[in-house]
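Visitor: Pasted the sequence and its predicted model underneath.
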Amino acid sequence: MTGPIHTGSGNLNYFAAATQSQDPRYAFIEELDWLWRRFVHPPGYGKANDLLEIHRTVLLSGEPGSGRVATAKALLRGLSTGEERFHELAWQGDEDTARYRLEPAAVGDDDRVWLDLTQADDRAWRAFQDELSSVRKMIAERSALLVVVLPGKDGHEVWPEFTRFHAGIRRPNAHEVLRRHLRLAEVPDAVSSPPPEFLGKNPPLRDVAWFADFVRLASLKDPHRDYEAWYEAAESARTGHDAAVAELVTKLRSGPQRALLFASAMLHGAHVDHIYDAAMRLLSTVSYADESHLLERSDLLESLKGIGAELDDWGHVRFEELGYDAAVRAHFWHHMPELRNGIRQWVGKMVDRIDLPDEDRDFLVEQFADQCLHPRYRQVLVDAVAEWTSGASAYRRQVAADRALEQALRNEQHGGFFRKQIYTWATDDHLSDALSEVVIMMCVKVIALSHPDQAIVRLHHRARRESRTANARTALLELVSADPWFRRLLLTRLTQPLEGSRREYERDPDLFLELAAPEAFTTSDDHNRPLIMEAEVRDMLTDGWQRIFLERDEPAWQQQMRQWLLVACHDDHHRDILIDVLVSAGDQRRTILGRLYSEARAVSRSAESPAAFLDVVLRKISISQGLRIP
């Protein structure tokens, strides 16, 4: 796949690559299918499945690490055709009203949704149970399915009136989980693989998946060895190198040696020339002064040997032990806190390197982001992204910010924090163009997959605020065009002011005009009836047109009015509804209704339609003005 090319100075608008991606509905189903193939049914799955079928809602509990969230997704995937919309609901407090609630538009017809309350505090848990009856009513009305993953804490009991929806799961056979991952990773003889000692520690199931991936890498590195050796290598990759790395760093007393060690870990697998350059730039960034002469220093091969690294036949640097590079990165980050700011600056300088291959730059940024995925260090990544996209940001820095945020947003534990940060940026009236484009990219590329409602909210905020471009507006309209529910959600935001909000946005009427293509509201498919058949949608369309007539001059809306009339002329089934919306929005204003009739006459002549269409328009206008119809 070919990416955009930047040959000059200034920013490059690169959001278009994201907006051309596939329908978020099907992109996320691909991720669910990946999980489904590796999923092992835990004890208690059958009861949970039965409750979900009967009540359309199940409250799922289990010990931490037992695969509760994965089970929630599997339950929904098992009761679907693959065509439904899957997404996660948020319960951390409404972003615009600061209330714990689910907006009615959060769930669409036939949706498969889950709500992760594993980290909910007492206040959020009580608020959820206060709202559960209304939430269940909404789920039933929309023929949707809901799985709620409950907090795994004492004192978070299910209220008696809701116990009939409760099902508990226990930890599935971890060895079977491991074998399933190994088999699908095509590790030899996975079906008969013995259990490793690692499983005796009852690790969380996400760690079992992580362990399986290291077993796969060990089998590729030493294919002629057996599972005992592969397990040992995987276990060492997990925790076994920490002491060895600490001992090595203690022995390496000089700055250049430690810089080479860290650069080799952060750019693991890169060419030796790039590793050496990175080490020198790290020394410069942290203001290290080396007084020794070049001829007195160790040569590069000797230095690499001293840090336990080796060169392959193509001049790439790698550590011999699997996972050693990760242990080195973690040691420097966690045990040398005074270096963190320097590391952040150094990563930014390396991102700017024109000669650094894209794959090495991506790897470097990903490893930096990974170190920041801890509640104590997340702000470091936020600051780095803001720095990389400030001023006259180069394309490489925007891509680096994109790469780092994508990794953070996809993290199950920390994704919520960074979605909130994206919201903060999206509502910033003075956001830089570069960071705005990164926000747009993250909404379309990542957030829309599992939290489409949040993606629409954030894109809408950016579309209201952008002045020099229309990138957010374009991305927003392309996203909502993929699904009627998305379109309905945006229509709600454009026409129904949020509770407690007094601010009106100048660009909302123009967004409404672009959103309100009549064909989009009158067409249907196998899963959705035409939106305009909903009374609430008709009311919102009427409100939107009414604001257009009040705040925009005729040239702004004339073409869209004519399009509505043209569709009404040819669509017998929706003709009355379309005309009713326009006439009601005219609110008995003679100038508007007069223009409506003039446009209807023009459409009638151009379409060579029968007089019936024009008669309908005239009759409805007359009724709205209180005139008698002969």
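Guide: In hand now; what should we look at? Numbers count the residues shown, from 1 in each chain.
Visitor: where's V317, which helix or strand?
Guide: strand 317-319 (DSSP states H and E).
Visitor: Neighbouring strands of that strand in the sheet, and parallel or not?
Guide: Applying DSSP bridges to the sheet, strand 317-319 is found paired with strand 309-311 (antiparallel).
Visitor: Quick check: buried residues in the partner strand?
Guide: For strand 309-311, a neighbour-count test (16 or more other Cβ atoms under 10 Å) marks A309, L311 as buried. Where C-beta positions appear, they are placed from N, C-alpha and C, glycine not excepted.
Visitor: Check stretch 135-147 too.
Guide: In terms of neighbour count (16+ other Cβ under 10 Å), stretch 135-147 has its buried residues at V135, R136, M138, I139, R142, A144, L145, L146, V147.
Visitor: I'd say the fifth one and A106 touch.
Guide: No: with contact defined as Cβ atoms under 8 Å, R142 does not count as touching A106 (10.0 Å).
Visitor: what does the strand holding V317 rub up against?
Guide: Contacts to strand 317-319, defined as Cβ atoms under 8 Å, 6 or more residues apart in numbering, come from residues 264-265, 267-272, 275, 304, 308-312, 325, 328.
Visitor: SS state for V147?
Guide: Following DSSP: H, G, I helix; E, B strand; the rest coil, V147 is assigned to strand.
Visitor: Just want the phi and psi numbers for H166.
Guide: Backbone geometry at H166, expressed as degrees, to the nearest 10, gives phi -90, psi 140.
Visitor: circling back to that earlier point, filter the contacts of strand 317-319 down to the buried ones.
Guide: Buried by 16+ other Cβ under 10 Å: 264-265, 267-268, 270-272, 275, 304, 308-309, 311, 325, 328, out of those.
Visitor: how close does D226 get to E176?
Guide: Between D226 and E176 the distance is 20 Å, computed by Cβ to Cβ, to the nearest Å.
Visitor: Correction: the previous question concerned T285.
Guide: Counting by Cβ to Cβ - T285 and E176 are separated by 48 Å.
Visitor: Of these two, give the one with the bigger neighbour count.
Guide: Using other Cβ atoms under 10 Å, the more surrounded residue of T285 and E176 is T285, with 20 against 13.
Visitor: I figured H156 hits T118, correct?
Guide: No: H156 lies out of contact with T118 (Cβ under 8 Å); the separation is 10.0 Å.
Visitor: Mind listing the shared neighbours of those two?
Guide: What both H156 and T118 touch, as defined by Cβ under 8 Å, 6+ apart, is the set L150.
Visitor: Give me the residue at the spatial middle of the protein.
Guide: Centroid-nearest residue in the chain: I447, 2.1 Å away (criterion: Cα atoms, centre = their mean).
Visitor: backbone phi and psi for the closest residue to that one other than its chain neighbours, please?
Guide: Spatial nearest neighbour of I447, excluding adjacent residues (Cβ to Cβ, 6 or more residues apart in numbering): A455 at 4.2 Å. A455 adopts backbone torsions of phi -60, psi -40, taken as degrees, to the nearest 10.
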